[in-house]
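K.L.:
quick one: sequence and predicted model below, then my questions.
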Amino acid sequence: MDVQHTKGFTIISNWLEAKGFKPFLFQEQTWQHIVNGESGLVKAPTGCGKTFSVFLGALLNFINENPDNYKNKKKSGLQLLWITPLRALAKDIGRAMEEVIIELGMQWEIGIRNGDTDTAERAKQKKQMPEVLIITPESLHLLLAQKGYAELFRTLKIIAVDEWHELLGSKRGVQVELAVSRIVNCLSSIRNNNLMVWGISATIGNLEEAKEVLLAPLKLTGIIVKADIPKQIEVESIFPDEIEKYPWAGHLGIKLASKIIPIIQQSKTTLIFINTRGMSEIWYQTLLNTCPELAGSIALHHSSIDRELRTWIEENLHTGNLKAVVCTASLDLGVDFRPVETVIQVGSPKGVARFLQRAGRSGHSPDAVSKIYFLPTHSLELMEAAALKSAIWENVIESRVPMLLCFDVLLQYLNTIAISEGFYPDDMFKEITSTFCYTHLKEDEWHTKDINILCTGIQNWCQFFQRLFFGYLCHKTYFMIKKKEAARFSDRPQWFLACNPVQD
């Protein structure tokens, strides 16, 4: 079926045209593959619409399946599971998705499930799943720990793993692999398995391997869709006045704080990326001390800040009410940060891909220029600044090496499944070894390192709780007896009690 001849394509294209946009070629290619029921990986520069390539594809597919009542159809069950690495990113994506759904007149609901989601909302989702659920890897594993989780995914059509380049090569990426394998196997047992899995990634060195890792449970080769869109990035270094006196290591770059004040004042909104929470708090206070006029228009954002304050900062960042935000990796990723004109990277970004990702926070649209300043904290990072510029010019991006045989993650996952619906070891072994991480897991390792540890661990915990409960009962019984003895002697005269004291 040619996607351009479908009703869904016509509706989506008309909506984009009404907003003054036109779909990119890579977006149309992704929609075609989704209509064909295929899985794959979308690679596009930051700010070029890779999120919409999969999300609009899911909407387009739903419209094609329900051409007469797509606007009125409610409570269709979970259609799109959107796995995202950051809580702040979930809110950005949810906001962008809701805008599209409202303007198309559809009845889809968008749900978010992460550490900030309250109990009432979680219960509501379990009772009636939204059509789109935006979730973090950790919250997805907690969802798998609930009874009857398989029924929640019965209507699922697409799993989208956003910012796959950030998850790949980490234990959170292994969590995603295991969760995808579980959902794939659950659906294969309750319906014909026509589930699609799509990864969404910015520039990464090993695209083919990244696709292979994600699609391993499906046992499919899959497709890579690349966006041929050049993204202009301007990198400028902030130098000290006297390089000879600049320290060689072990400093925070605080002496250059005065040099970024003019940059902040000349920009509408600036993101200042710091590598650690402690360092970010020092920089935030230093900027306020250096320029008191910024009070009320500058904020500090990291994952340990109170949820309400984080939400307030993110909302005011979108509306442009904040002049600057000092942040850690908590704002690495996002959707449509239109007010952000400038990004400042303080210290080494620890990689070209991350530097490009952060640069893309400014000029977050295909035709805009991304402007990023690099502030070295010591002399050795001056050389790193030169290396970053060369790598960007030559388009050299490092690879993310996938993790293999992570037994700690596997044991945690097996505990998760054991407390929900349980599993048969032989069946679970086949499922686990379908993932890229555990392809080379041997059967003797499975029984000795995983099942044995899991079973003996549960047995030890049971014995511990039995002893704890027995001790608690003995403790309560002892004091109940003492209270009865005290009550029995309470009506005796004082001289009797003095001669016959109740023993403690």
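P.N.:
Nice, thanks for sending it over.
K.L.:
point out where the stretch 151-300 of the chain drops to low pLDDT.
P.N.:
Applying pLDDT under 70 to the stretch 151-300 of the chain flags residues 192-193, 244, 250.
K.L.:
all the helices of it, residue numbers only.
P.N.:
Secondary structure of the stretch 151-300 of the chain, counting by DSSP state H, counting those that start in this stretch: helices at 164-167, 171-190, 207-215, 257-266, 277-290.
K.L.:
deepest of these, which one?
P.N.:
Greatest average neighbour count among the helices of the stretch 151-300 of the chain goes to helix 164-167 (a mean of 26), per mean count of other Cβ atoms under 10 Å. Any C-beta I mention is one placed from the backbone N, CA and C, and that applies to glycine too.
K.L.:
what sits up against that helix?
P.N.:
41, 85, 137, 161, 173, 176, 199-204, 210, 214, 332-333, 353, 357, 400 (Cβ atoms under 8 Å, 6 or more residues apart in numbering).
K.L.:
go again using 6 Å as the cut-off
P.N.:
85, 173, 176, 199, 201-202, 204 (Cβ atoms under 6 Å, 6 or more residues apart in numbering).
K.L.:
next one: stretch 258-277
P.N.:
238, 280, 283, 290-291, 302, 320, 324-326, 328, 339-347, 358, 361.
K.L.:
only C-alpha atoms, please: export that stretch in PDB.
P.N.:
Extracted C-alpha coordinates of stretch 258-277, given in PDB (Å, rounded to 0.1, in the frame of the first residue of the first chain):
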ATOM      1  CA  SER A 258      31.900  37.100  34.400                       C
ATOM      2  CA  LYS A 259      32.600  36.300  30.700                       C
ATOM      3  CA  ILE A 260      29.300  34.500  30.300                       C
ATOM      4  CA  ILE A 261      27.100  37.200  31.800                       C
ATOM      5  CA  PRO A 262      27.100  39.300  28.600                       C
ATOM      6  CA  ILE A 263      26.200  36.100  26.600                       C
ATOM      7  CA  ILE A 264      23.200  35.500  28.900                       C
ATOM      8  CA  GLN A 265      22.100  39.100  28.700                       C
ATOM      9  CA  GLN A 266      22.300  39.200  24.900                       C
ATOM     10  CA  SER A 267      20.200  36.000  24.500                       C
ATOM     11  CA  LYS A 268      16.500  35.500  25.100                       C
ATOM     12  CA  THR A 269      17.100  32.200  27.000                       C
ATOM     13  CA  THR A 270      20.300  30.400  27.700                       C
ATOM     14  CA  LEU A 271      20.900  26.800  28.900                       C
ATOM     15  CA  ILE A 272      24.100  26.400  30.900                       C
ATOM     16  CA  PHE A 273      25.100  22.700  31.100                       C
ATOM     17  CA  ILE A 274      27.200  21.600  34.100                       C
ATOM     18  CA  ASN A 275      28.400  18.000  34.500                       C
ATOM     19  CA  THR A 276      27.500  17.400  38.200                       C
ATOM     20  CA  ARG A 277      24.800  18.600  40.600                       C
END
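K.L.:
what about A391, how many neighbours?
P.N.:
By other Cβ atoms under 10 Å, 17 other residues sit near A391.
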